[in-house]
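**Q** Provided below are the primary sequence and the corresponding predicted coordinates.
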Amino acid sequence: MKQSIVTLDMEGVLTPEIWIAVAERTGLAELRRTTRDEPDYNKLMRYRLDILDRHHITLPAIQEVIGTLRPLPGALDFLNELRAFTQVIILSDTFEQFAQPLLRQLGWPTLFCHRLVVEHDRITDYAIRIPEQKQKTVAALKLLNYRVVSGGDSYNDTAMLAEADVGLLFRAPDQVKRDFPQFQAVESYADLLALIKAAL
C-alpha cells in the first residue's frame, strides 16, 4: 500500500487572499483580481506589478498589510488534524517574501512557492520556481510512489487537482465548480477532512 501525501493551495484555502487585502488597504480595486478571475498567472502578475509601479507601492507596505492577516477561521485546527495522520505540502503561487507571517501562524508547514525580485524595496519582477509548479510537484510525488490528494479553490489549482489521485475543490467560486464538475466540491473544513481521510 502506498504512503500518502496531501497538497493544498494556501490563499483561499488556509489564508485570506493577500492581494485582496492589499486592494482593500490601498483602495486600489484593480488589485482585487486573483487567479479566481484570471487563469493566466503570468498575465495577472504583470498586471499587478504595473499597478504597484504606477502607485509607488513598496514591498514593506505590502508586508505591513500581510502582517495584519490571520489564517481563515478553523484553518489551523484543520491543518493540525490533517498533519497528525499524513504529510502535507502547501503549493502556492504566492512568494517567499509574502508568506512568512502566515506560515508562522500555521505552525510552519512546508511551502513550495515563488520569489519576488526586489530592488530598493520596489518589486521589479518575480521569479517562478518552475512553470506549472503545482502540477509538476504532484507528478513528482507520484513518481516517488505517493498517493496524492490535492485541494484548491481556483483555476490555477485545477492542473494540480487533475494530476492528483484525488482532487478536491474547497470553497471554490461557482464558475470554477461549473467549469470543473469532475472535482468534488466542499465548503467546510470538516467535510474536506472527511473526504481526504476517505481518499487515503
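**A** Nice, I can see it. Numbers count the residues shown, from 1 in each chain.
**Q** ok, how many other residues are close to the residue lying closest to A29 once chain neighbours are set aside?
**A** Residue nearest to A29 in three dimensions, not counting chain neighbours: A23, with 6.2 Å by CB to CB, 6 or more residues apart in numbering. Quick note: C-beta positions are derived from backbone N, CA and C, even for glycine. Per other CB atoms under 10 Å, the neighbour tally for A23 reads 20.
**Q** wait, isn't Q133 in contact with L111?
**A** No. Using CB atoms under 8 Å, Q133 makes no contact with L111, being 11.4 Å away.
**Q** can you spell out which helices and strands pack onto the biggest helix by length in the chain?
**A** Longest helix of the chain, by residue count under DSSP state H: helix 41-54. The contact analysis (3 or more CB pairs under 8 Å, 6 or more residues apart in numbering; DSSP states H and E) places helix 41-54 against strand 122-127.
**Q** name every strand pairing with the strand it packs on and say which way it goes.
**A** Looking at strand 122-127 with DSSP bridges, its partner strands are strand 110-119 (antiparallel).
**Q** for the chain, which segments are assigned as helices?
**A** 18-26, 41-54, 59-66, 75-83, 96-105, 133-143, 158-163, 174-179, 189-199.
**Q** to E119, which of those helices lies closest?
**A** Among the helices of the chain, helix 59-66 comes nearest to E119, with 9.8 Å by CB to CB.
**Q** in stretch 183-199, what's buried?
**A** Buried residues in stretch 183-199, counting neighbours by 16 or more other CB atoms under 10 Å, are found at F183, Q184, A185, V186, Y189, L192, L193, L195, I196, A199.
**Q** just those now: which is nearest G107?
**A** Nearest member of the buried residues of stretch 183-199 to G107, counting by CB to CB, is Y189, at 15.4 Å.
**Q** do you know how far the closest one is from T7?
**A** In this view, Y189 and T7 are 16 Å apart by CB to CB, to the nearest Å.
**Q** returning to that earlier point: what angle do the longest helix of the chain and helix 18-26 make?
**A** 20 degrees (axes from the mean of the first three to the mean of the last three CA atoms, to 10 degrees).
**Q** buried sites along helix 41-54?
**A** Y41, L44, M45, R48, L49, I51, L52.
**Q** could you do stretch 116-132 as well?
**A** L116, V118, I123, Y126.
**Q** quick one: closest of the helices of the chain to G152.
**A** helix 158-163 (6.0 Å).
**Q** what about A29, how many residues nearby?
**A** 9.
**Q** tell me the pLDDT at it?
**A** pLDDT recorded at A29 is 88.
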